[in-house]
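Enquirer: predicted model and sequence follow; I will ask about them next.
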Amino acid sequence: MASPRAPLPGLALAAAFLVLAALPLLLGASNYLLGLLISALILAGVALAWALLGNLGGMVSFGHAAFFGVGGYASALLAGKLGLPVLLTVPLGGLLAALASLAMLPALRLSGPYFALAILAYAQIFRILATEASSLTGGAAGLQRYPGLPTVFGLDLASRPGAYALLVALVALGCLAYAAIRRSALGLALRAIAESEDATRVVGVNSVLLKAWMLALSAFITGLFGALNAHIIGFLEPDYAFAGSWSVLPIIASVFGGYRTVLGPVGGAVVIYLFDQVVAKGLIAVGHQILLGLLLVAMVLAAPNGLLGLLERKGGARAGA
């Protein structure tokens, strides 16, 4: 009888992910395909941040659009109005998104759907603030005059191959950070909080502090990818930067791919985005999100643990045959 497969070490798994993600560059993908993959990787970064909060922090968020928009606007304004280097403003955008999460600390006293709705309300507040602060943000007209990504060591990050390579590296780093936190003592404490917050308080765990830390980390990652997206596309407006899709699509991608795994949200984001843009739009030009919803329902019914869970289950069945 064949022995069960040993799980791949984290570094080997990350290396496999990098090789697969770099295939479009190695095969000479078209600019159109690279553009789709760039957008999919932006979504993958936000989905990873959402899963980090939902899986380890035990908090379901409907308001990650707030962090995405704050990160994008912060980086664009720092680069455009203060003239700071873009490679500095992008992490600063993530940092300011993390600082913005401090405004949401009162919501940490809530749980379940109450927390989710409170975060959704915060996202709407940030969108309104960006619209009304027209002297700073350009209001509803948005921002257009700010620098794009620079050239580093001969690699033009503003080009589609350069932006794609940068995003692959950052998503891979995000996966490694997620895996490291999940294996740590902090990850164990966070999972215990998700199972029973009252029980962890009894043994002296400061659940509010840990949840605040996870919210700030998730906000930082989301803001970082929001900043990168702003410099890649070259424009920002409140209805786009704070759009509800930046809150909903990461949830769909994470659940579809398997939000309790490290690579599930990334794989789910790529599959979901490409299906929506290539297949669903080709079949139904208007209202193609219906097919996206049907695909998600089918996946949840067939594999509650997501796409990665389904693949692992089939692989395990073949190994044990």
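Expert: Perfect, thanks for sending it.
Enquirer: okay, CA-based contacts and neighbour counts for the rest of this
Expert: Fine.
Enquirer: what's the first helix or strand after the longest helix anywhere in the chain?
Expert: Secondary structure of the chain read by DSSP state H shows that its longest helix is helix 207-233. Next helix or strand after helix 207-233 toward the C-terminus (DSSP states H and E): helix 238-241.
Enquirer: who are the packing partners of that next one?
Expert: Other helices and strands packing on helix 238-241, by 3 or more CA pairs under 8 Å, 6 or more residues apart in numbering; DSSP states H and E, are helix 64-81, helix 113-132.
Enquirer: out of those, which is closest to residue 175?
Expert: Distance to residue 175, taken as CA to CA, is lowest for helix 64-81 among the helices and strands packed on helix 238-241, at 18.3 Å.
Enquirer: for the closest one, output the C-alpha coordinates as PDB.
Expert: Coordinates of each C-alpha in helix 64-81 appear next as PDB, following Å, rounded to 0.1, in the frame of the first residue of the first chain:
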ATOM      1  CA  HIS A  64     -11.500  45.900   2.700                       C
ATOM      2  CA  ALA A  65     -12.300  48.500   0.000                       C
ATOM      3  CA  ALA A  66     -11.600  51.100   2.600                       C
ATOM      4  CA  PHE A  67      -8.000  49.900   3.000                       C
ATOM      5  CA  PHE A  68      -7.500  49.500  -0.700                       C
ATOM      6  CA  GLY A  69      -8.700  53.000  -1.400                       C
ATOM      7  CA  VAL A  70      -6.700  54.600   1.400                       C
ATOM      8  CA  GLY A  71      -3.500  52.900   0.200                       C
ATOM      9  CA  GLY A  72      -4.100  54.000  -3.400                       C
ATOM     10  CA  TYR A  73      -4.900  57.600  -2.600                       C
ATOM     11  CA  ALA A  74      -2.100  57.900   0.000                       C
ATOM     12  CA  SER A  75       0.600  56.700  -2.300                       C
ATOM     13  CA  ALA A  76      -0.700  58.700  -5.300                       C
ATOM     14  CA  LEU A  77      -0.800  61.900  -3.200                       C
ATOM     15  CA  LEU A  78       2.500  61.400  -1.600                       C
ATOM     16  CA  ALA A  79       4.200  60.800  -5.000                       C
ATOM     17  CA  GLY A  80       2.200  63.400  -6.900                       C
ATOM     18  CA  LYS A  81       2.000  66.300  -4.400                       C
END
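Enquirer: mind listing what's buried along it?
Expert: By 16 or more other CA atoms under 10 Å, the buried positions in helix 64-81 come out as 64-80.
Enquirer: what do you get for stretch 281-288?
Expert: Across stretch 281-288, burial judged by 16+ other CA under 10 Å covers 281, 288.
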